[in-house]
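**Q** Fold the stuff below for me.
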Amino acid sequence: MRTVFIKNQGKLFQVVLKSINVPLRYIHTKESLEPVWRSICKVDSNKDVLSGEPLVKFTLISRSETEHIFTVRLSHAQYDGSSRPIILRDLVTAYNQDIHSGPVCATFPDYVYFCASNRSKCAFNFWKDYLQGSVMTMLPCSDLQANQVSADIHEIAFGDLPSALEDITIPTLINAAFSFVLASLTKKDDVVFGVVTNTRAIPLPRVHTILGPCINHNPLRARLAQVWSVIDLCRLLRDQYAQSQQFCHIEFSDILAKSTDWPSDTKLGCILNHLGEGDNSSLPLKGGGIISDSFAMGRIDLQDQLLIRAIPGKGKLQVQVLTSNRIMDSEQAGLLAKSLIDTANAFAMSPEAPLSSMSFLHT
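**A** This next block holds a predicted model:
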């Protein structure tokens, strides 16, 4: 939380300060708390990450003696989804003044040191063999007309949660469905896209206690011409993902430089992020109060990239499509979100069906 990001001679540096002074901002309102909270989050999301100032910010919004929202602003470069319950637990511990109850934790520098120490030849050879002969799959990106302005696109679709197949998880099924949709959109049978990967599977003691961004954007390759049926594609992606886990800590920039012949400015054209529902349980506070976790996502700059968020719930699947109007408009993004849900359900219902018999479901 003491991190600041600065640029020096064209390079980006993360600096962890020894100490910071972050005053508590207090707001009293007579209005409903949630709209006020969301308005504050929207303004705070425009904070320049490279300002050189601490990104963490604490705000207490009160409506009465018993109605409060306590907001912690962070950059996603400082934490990941697994860090949220750690932050919540520490807030409760501090509020209850129970300073001796916390477990012994690993630190983010431990994680960084482990990753840097394990950038092995074996790891880079794995990614080189895996990506040999491939190219990054990019969706067409159009120049804006003179009367157009760049705009964010964010569309959401809801549908039935597909049934899991034997030995195939829901995220793997969605990976397979997205690879099929992407192949249909680009008319290619060999596609590469990014998957947001939790890197806490690395053999680092107490890695699950770390407060920090223990995630990576790893490339996932789907060669549809090598498989015959839906289940074959699911198994191929499942096995590839399992093999890549021991090397998931390698940064995409290093994979790009040391394991591919792609241009040095190559980006992940499409990124798929599997999110959980989150833990909405409440934790007790001294004095009879409770604290629960709510979350507001800030803006993400996606001028020439596509981000898909897949969020399974109780019998339902939510798919979010985030991009810019240089890639697609709102209607196309909405159709893409629905198409991914429909394709995942079609795959679940007919796992033995030939891929050639499946159609791109876009209506």
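**Q** Please report how far residue 331 lies from residue 153.
**A** Applying Cβ to Cβ, to the nearest Å, one obtains 10 Å for the distance of residue 331 from residue 153. For the C-beta atoms, the positions are set from N, CA and C on the backbone; glycine is no exception.
**Q** Comparing the two, which residue is more hemmed in?
**A** Between residue 331 and residue 153, residue 153 has the larger neighbour count (other Cβ atoms under 10 Å), namely 20 against 10.
**Q** Might you report the residue contacts of that one?
**A** If a contact means Cβ atoms under 8 Å, 6 or more residues apart in numbering, then residue 153 has 321-325, 327-330, 333 as its contacts.
**Q** Just give me the closest of those residues to residue 346.
**A** residue 321 (18.7 Å; Cβ to Cβ).
**Q** Check which helix or strand the nearest residue to that closest one once chain neighbours are set aside maps to.
**A** Sequence neighbours aside, residue 333 is the residue nearest to residue 321 in space, at 4.2 Å (criterion: Cβ to Cβ, 6 or more residues apart in numbering). The secondary structure element spanning residue 333 is helix 330-349 (assigned by DSSP states H and E).
**Q** Show me what counts as buried in that helix.
**A** Neighbour-count burial for helix 330-349, counted by 16 or more other Cβ atoms under 10 Å, picks out 332-348.
**Q** which of the contacts of residue 153 count as buried?
**A** 321-325, 327-328, 333.
**Q** so of those residues, which ones are in strands?
**A** Here DSSP state E is the test, and those give 321-324 as lying in strands.
**Q** Identify, from those, the entry nearest to residue 251.
**A** The shortest separation between residue 251 and any of those is 22.1 Å, and it belongs to residue 322 (by Cβ to Cβ).
**Q** Leaving out the residues flanking it, which one is nearest to that closest one?
**A** By the measure of Cβ to Cβ, 6+ apart, the closest residue to residue 322 outside its immediate chain neighbours is residue 307, 4.3 Å from it.
**Q** Got the confidence number for the one you found?
**A** On the pLDDT scale, residue 307 is placed at 95.
**Q** for it, what are its contacts?
**A** By Cβ under 8 Å, 6+ apart, the contact set of residue 307 is 270-271, 273, 300, 320-323.
**Q** which of these lies closest to residue 158?
**A** residue 320 (10.3 Å).
**Q** wait, doesn't that closest one sit right on residue 306?
**A** No. Assessed by Cβ atoms under 8 Å, residue 320 is found out of contact with residue 306, at 11.1 Å.
**Q** Look at the two and report which has more neighbours.
**A** With neighbours defined as other Cβ under 10 Å, residue 320 and residue 306 compare such that residue 306 has more, 26 against 18.
**Q** Provide a list of residues in contact with the more buried one.
**A** The neighbourhood of residue 306, defined by Cβ under 8 Å, 6+ apart, consists of 139, 269-271, 321-323, 327-328.
**Q** Residue 9 versus that one, what's the distance?
**A** When Cβ to Cβ is applied, the distance between residue 306 and residue 9 equals 32 Å.
**Q** Please apply the same query to residue 174.
**A** Residue 174 sits 42 Å away from residue 9, going by Cβ to Cβ.
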